[in-house]
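# what shape does this take:
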Amino acid sequence: MKTWPLQSLTMEQAQHKQFQLVDIICRHFPGSDFLNAGDLGLVPGLNQPQMTHRVESVLADFFGTSAAVMVQGAGTGAIRSGLAVLLKAGGRLLIHDAPLYPTTAAIAEQMGLQLIRADFNQLDKVKKVIENHRPQAALIQHTRQKMDDSYGLQEVIACFNQYGLASLTDDNYAVMKVDKIGCECGATLATFSCFKLFGPPGIGVVVGDDKAVKAVRQSMYSGGSQIQGFQAMDALRGLVFAPVMHAVQAQVNDSLVKQLSTGSIPLVKQAFIANAQSKVLLVEFHQPIAEKVLAKAQRLGALPYPVGAESRYEIPPLFYRVSGTFRQSDPTLEQRMIRINPNRSGAQTVLRILRESCEGL
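I've put the predicted structure just below:
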């Protein structure tokens, strides 16, 4: 089975990202300022906590954009806020011809958006759809929605920009794992969840075009909608550790594919890496035993379900069913395939659990 997973950062590249972020932090937090839990409330002149404002400045500098804003509601909240400033309720939104992530589908329904579909794997078709249907904005999920997705983010965004089409990228599961996110490739806005980057629950980020980011900020004028200073600082601290930790995880995944390809576990037909939506190991069995394997793996110490999909709470490996968007594209996958995310574990732990879970089946 052929897949086109996103290119993970090497360990050297991951270290460079970490060092780059820390250097920017030093420029914004002199002396003991970083040794601060963070302030609260609406500071006059900012209408937000001072520390939140400074963290947003760090994020804007790090991603090379003019502005960033932290929002409530994690990645979903970031996508919702971004779409709300790019088009009005009932507007025409161009999306990939694939199952939408469930929370994104809920946003589209709530806004009454007219969804215009095009296969992002084929740019000629994308151009024809734009010319014929004139969408008002485009949404592109950085990671894969279908197993056979192969589109390049930068090329698709360049196509949008050719027509002056505003775009928002859902960069969840890609930030700090790949070289560039949406706004660094020319998208109007990039959105992601800090919870997937070892930050606190519920914090999302919208980064990109200054005018659009300001519009997001204006939509959360009240104190109760603000990200407090201690939340922003917690999110920034988690972000520092994300690139290297995810690079280690990528190395473990590569090792697992090599070891499973030798036939060391007879019930395994094949194993490969895919972005589904996080970059994970997909294991296909010769027989429809996925549910039985998952039940046994849970008793052997594997996590039975995600918390935030790579949040700081997820230390043991995750043995789980394939993603909802993948199941929609091919319902038969549920019985013969599982996904494994090593999280912070090593390859030998994953192999031990998988081997013992297959015994007697």
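# which residues in the stretch 251-361 of the chain form helices?
290-299, 324-329, 333-336, 347-358 (DSSP state H, counting those that start in this stretch).
# which neighbouring elements make contact with the first one?
Helix 290-299 makes packing contacts with strand 318-321, helix 333-336, strand 337-341, helix 347-358 when contacts are defined by 3 or more C-beta pairs under 8 Å, 6 or more residues apart in numbering; DSSP states H and E. C-beta: built from backbone N, CA, C; applies to glycine.
# any chance of those in CSV, plus distance to Ala118?
Listed next are the helices and strands packed on helix 290-299 as CSV, based on distance: least, C-beta to C-beta, whole Å:
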stretch, distance to Ala118
strand 318-321, 29
helix 333-336, 24
strand 337-341, 27
helix 347-358, 38
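# for Leu189, find the nearest of the ones you listed.
Smallest distance to Leu189 across the helices and strands packed on helix 290-299 (C-beta to C-beta): 27.3 Å, for strand 337-341.
# contacts only, for the spatially most central residue of the chain.
Nearest residue to the geometric centre of the chain (C-alpha atoms, centre = their mean): Asn172, 1.4 Å. With contacts defined as C-beta atoms under 8 Å, 6 or more residues apart in numbering, Asn172 is in contact with Gly75, His142, Thr143, Thr191, Phe192, Ser193, Lys196, Gln277.
# not counting sequence-adjacent ones, nearest residue to the third one?
It stands for Thr143. Distance criterion C-beta to C-beta, 6 or more residues apart in numbering; nearest residue to Thr143, sequence neighbours excluded, is Asn275 at 4.0 Å.
# list the beta-bridge partners for the one you found.
Lys279 (DSSP bridges).
# how near is it to Arg144?
Counting by C-beta to C-beta, to the nearest Å, the gap from Asn275 to Arg144 is 4 Å.
# cool, Thr76 as well?
Thr76 is 19 Å from Arg144, by C-beta to C-beta.
# so for these two, which residue has more residues nearby?
Arg144 (25 against 21; other C-beta atoms under 10 Å).
# okay, the more buried one: pLDDT?
On the pLDDT scale, Arg144 is placed at 86.
# for it, give its distance to Val252.
Taken as C-beta to C-beta, the span from Arg144 to Val252 is 20 Å.
# circling back to that earlier point, so can I have a markdown table of the contacts of Asn172 showing distance to Arg344, neighbour count and secondary structure?
Listed next are these as a markdown table, based on distance: C-beta to C-beta, whole Å; neighbours: other C-beta atoms under 10 Å; DSSP: H, G, I helix; E, B strand; the rest coil:
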| residue | distance to Arg344 | neighbour count | secondary structure |
| --- | --- | --- | --- |
| Gly75 | 21 | 27 | helix |
| His142 | 23 | 25 | coil |
| Thr143 | 20 | 24 | coil |
| Thr191 | 26 | 33 | strand |
| Phe192 | 20 | 28 | strand |
| Ser193 | 19 | 29 | strand |
| Lys196 | 14 | 28 | helix |
| Gln277 | 19 | 22 | coil |
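# widest-spaced pair of the residues you listed?
Taking C-beta to C-beta, no two of these sit farther apart than Thr191 and Gln277, at 13.6 Å.
# for Met111, what are its contacts?
So Met111 contacts Leu83, Ala84, Ala89, Gly90, Gly91 (C-beta under 8 Å, 6+ apart).
# let me fix that: Val280
Going by C-beta under 8 Å, 6+ apart, the list of residues near Val280 reads Asn253, Ile273, Ala274, Arg339, Ile340, Asn341.
# and if we set it to 10 Å?
Counting by C-beta atoms under 10 Å, 6 or more residues apart in numbering, Val280 touches 5, 173, 249, 253, 273-274, 309-310, 318, 320, 322-323, 338-342.
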